[in-house]
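Trainee: This is a predicted model, with the sequence first.
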Amino acid sequence: MSEPWRTERIRPGLGTIAPVVTFSRYVAIGDSFTEGVGDPHPGSRNGLRGWADRVAAHLAEDHPGFRYANLAVRGRVMDDIVAEQIPLCALLEPDLITVYAGMNDLMALAVDTDAVMARYADGLKALQQTGAVVLAFTAPDLGAKPLFRGLRGRAAIYNELLRTTTDDLGIGLVDFWRFDEFRDPLLWDGDRVHLSPLGHEVMAARVLEAHPDTGSRAAPVPNFVPAPTSGADVYTNVRWAISFAAPWAIRRLRRMTPGAGIEPKSNTLISVG
């Protein structure tokens, strides 16, 4: 793996000079969350921007030779990500990796969470062995989402098993479950499943502050006025149920994959700018 660039910086209050990592090769892997669904942008590959693209653009400000690959594709389950994306990620020799995996497994009608997380642990170990800085994500708190409220227990078990794995491996963790601002509907797309453009912007800032090497140049969390905590009106809920919840349930029952025929934004490292 190529070594990250290092610069010297005086840390305030310490009076000593310490190395600061400047990443040059970032690979993002996962599903629709990492692909950027919910954040349309005509100038971006796949017509989507997303938090990972925003993180890459921010990190590129530190390094003119910075390159980035996004292997994520909507609908991918744990087996897809571990078998396809993780080996390709390792071949790209990154010095920074973000990985979000397992939510599509949790949303299945039946799931063996222990088996899914054992597979994830193997994948995370493989990523750690690249020598890159690795950041994984907990699942969000699903309690406020009507369609997925019954999955909150699965998500909590997923998170505890993931915390154990990341602690054992020394991998960084972006703790989505504990980000209270994501209870605000402004940060979610109309489908209530994917982040909105503002949500992707906030998540990018959270990712940048999640590790000391990125936090030194983290973008500030955007200011926004939280929406009232009262629930959506009946008309809004019915419209959402007809336009999203019912079609989503039918696709699940038919085992239709939303990412069929969709290619990743980039299978190789490309320049950012």
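Mentor: Sure, I can see it.
Trainee: What values do phi and psi take at residue 40?
Mentor: Backbone geometry at residue 40, expressed as degrees, to the nearest 10, gives phi -70, psi 140.
Trainee: scratch that, residue 270 is what I was asking about
Mentor: phi -130, psi 160.
Trainee: count of residues packed around it?
Mentor: For residue 270, the count of nearby residues is 14 (other Cβ atoms under 10 Å). Quick note: C-beta positions are derived from backbone N, CA and C, even for glycine.
Trainee: Kindly report the same for residue 118.
Mentor: 14.
Trainee: doesn't it fall inside a strand?
Mentor: No: secondary structure of residue 118 (DSSP: H, G, I helix; E, B strand; the rest coil): helix, not part of a strand.
Trainee: Tell me how far it lies from residue 79.
Mentor: 12 Å (Cβ to Cβ, to the nearest Å).
Trainee: list the buried ones in stretch 98-113?
Mentor: Of all the residues in stretch 98-113, those buried under the rule 16 or more other Cβ atoms under 10 Å are 98, 99, 100, 101, 102, 103, 104, 105, 106, 107, 111, 113.
Trainee: go on, stretch 131-140?
Mentor: 132, 133, 134, 135, 136, 137, 138, 139, 140.
Trainee: Alpha carbons of that stretch, as PDB, please.
Mentor: C-alpha atoms of stretch 131-140 as PDB (Å, rounded to 0.1, in the frame of the first residue of the first chain):
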ATOM      1  CA  GLY A 131      -2.700  -0.900   6.200                       C
ATOM      2  CA  ALA A 132      -5.200   1.900   5.300                       C
ATOM      3  CA  VAL A 133      -7.200   3.900   7.800                       C
ATOM      4  CA  VAL A 134     -10.600   2.200   7.900                       C
ATOM      5  CA  LEU A 135     -13.900   3.800   9.000                       C
ATOM      6  CA  ALA A 136     -17.000   1.700   9.400                       C
ATOM      7  CA  PHE A 137     -20.500   2.900  10.300                       C
ATOM      8  CA  THR A 138     -23.100   1.800  12.800                       C
ATOM      9  CA  ALA A 139     -26.700   1.600  11.600                       C
ATOM     10  CA  PRO A 140     -29.000   4.600  12.200                       C
END
